[in-house]
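>>> Sequence below, structure please.
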Amino acid sequence: MDRNTFKLAAYLDEAGEDPERGCKTLNKNQIFYTALRHVWTGNICETSNIGHQRLIKILTEHDITTIMIASELGNIDSKLLVKISDDQIDKVINVCRYYRAPMVRVYIGKENKNTSLSEIDTWMERISVKCINNGIIPLLEIVAGSQIHSASEIAQLFSKHKHWKLLYDPVALIMKQNINPFIRYWTLLKNHVAVVDVRDMKIGKGFKPAGFGDSKIDMVIHDAVVSKHNGWFVLEPSLGRKHGTDTTKSDTFEHALEGLDHILQDL
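Numbers count the residues shown, from 1 in each chain. Okay, here's the model as predicted:
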């Protein structure tokens, strides 16, 4: 399968030490879609107005379209979700609107045994209303420490909050538990997935290019292509600045891209 026929984006902060170099790396590799997460010194949603103006200019000059804002909204103790103000939510929504991003990552809190399901429902409904009014899709990312993290419980959430979709990151699911995420999560939740993070990790050995670890990302990509899944795939190497002989983020990004191309060649 040709990568150019694949709905592929990349986290900009993984492609270069700064947005300018990241965009040049994406252009060089014929990738024209990005997910914005960390910019310069912090999360994209905490960037100053001047920073946003600089970034939108860089993205426009390199013909890069933003498909997702990876916010940290809701990434707190789940008992504190109720204390998040409308102004805090609106701030994230406005960032999405500024970059014309159709999706935003939102968490449902870190595990707290005293948090009730009704509290999670209330939080998700608040986000749904804000997103629907602005034409944005909220993406739920699940990690081992999330308030709700079993596949069956997640499916129940989506049955009630139909505007929400899943950002599927299999590496996050195996970091603290040795499981087969393809069987335990993907097969049960793939109809709710809008974005797949393309990265890999060998348990006990660290991050690896896609297809060289235990996340089963190669099986996910194969199944998604065969079943004509219409979601996005976002390259997230997580390899740092040095992998093998690589010395820059651009080098390691291209190394990770080779891993993805190897998977696609077998399709």
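
>>> for the chain, what spans make up the helices?
For the chain, applying DSSP state H gives helices covering 12-15, 19-28, 49-61, 86-99, 117-133, 151-160, 170-174, 181, 187-189, 217-226, 249-265.

>>> Mean pLDDT lowest where, among these?
Of all the helices of the chain, mean pLDDT reaches its minimum on helix 249-265 (a mean of 89).

>>> circling back to that earlier point, out of the helices of the chain, nearest to Arg105?
helix 86-99 (9.4 Å; CB to CB). (C-beta placed from N, C-alpha, C; glycine too.)

>>> Point out the other helices and strands that that closest one packs with.
Under the contact definition 3 or more CB pairs under 8 Å, 6 or more residues apart in numbering; DSSP states H and E, helix 86-99 sits against helix 49-61, strand 65-70, strand 103-106, helix 117-133.

>>> can you list the ones you listed in TSV and add mean neighbour count and distance to Gly145?
Shown next, in TSV, are these (neighbours: other CB atoms under 10 Å; distance: least, CB to CB, whole Å):
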stretch	mean neighbour count	distance to Gly145
helix 49-61	14	30
strand 65-70	23	17
strand 103-106	24	16
helix 117-133	16	15
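
>>> Can I get the ones you listed in TSV including distance to Val92?
As requested, the helices and strands packed on helix 86-99 are exported to TSV (distance: least, CB to CB, whole Å):
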stretch	distance to Val92
helix 49-61	13
strand 65-70	7
strand 103-106	6
helix 117-133	9
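
>>> Among these, single out whichever gets nearest to Thr34.
Across the helices and strands packed on helix 86-99, closest to Thr34 is strand 65-70 (CB to CB), at 5.7 Å.

>>> As CSV, the helices of the chain with distance to Val198 would be great.
Listed next are the helices of the chain as CSV, based on distance: least, CB to CB, whole Å:
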stretch, distance to Val198
helix 12-15, 10
helix 19-28, 14
helix 49-61, 21
helix 86-99, 21
helix 117-133, 24
helix 151-160, 20
helix 170-174, 10
helix 181, 13
helix 187-189, 17
helix 217-226, 6
helix 249-265, 6
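
>>> who wins for proximity to Met1 among those helices?
Of all the helices of the chain, helix 249-265 comes closest under CB to CB, at 4.5 Å.

>>> So which bits of that closest one are buried?
Neighbour-count burial for helix 249-265, with 16 or more other CB atoms under 10 Å as criterion, is recorded at 249-257, 259-261, 263-264.

>>> Next: stretch 202-217.
Phe207, Lys208, Pro209, Ala210, Gly211, Phe212, Gly213, Asp214, Ser215, Lys216, Ile217.

>>> Which of those fall in strands?
Counting by DSSP state E, the buried residues of stretch 202-217 place Phe207, Lys208 in strands.

>>> if we can go back for a sec, so which of the helices and strands packed on helix 86-99 is nearest Thr187?
strand 103-106 (22.7 Å).
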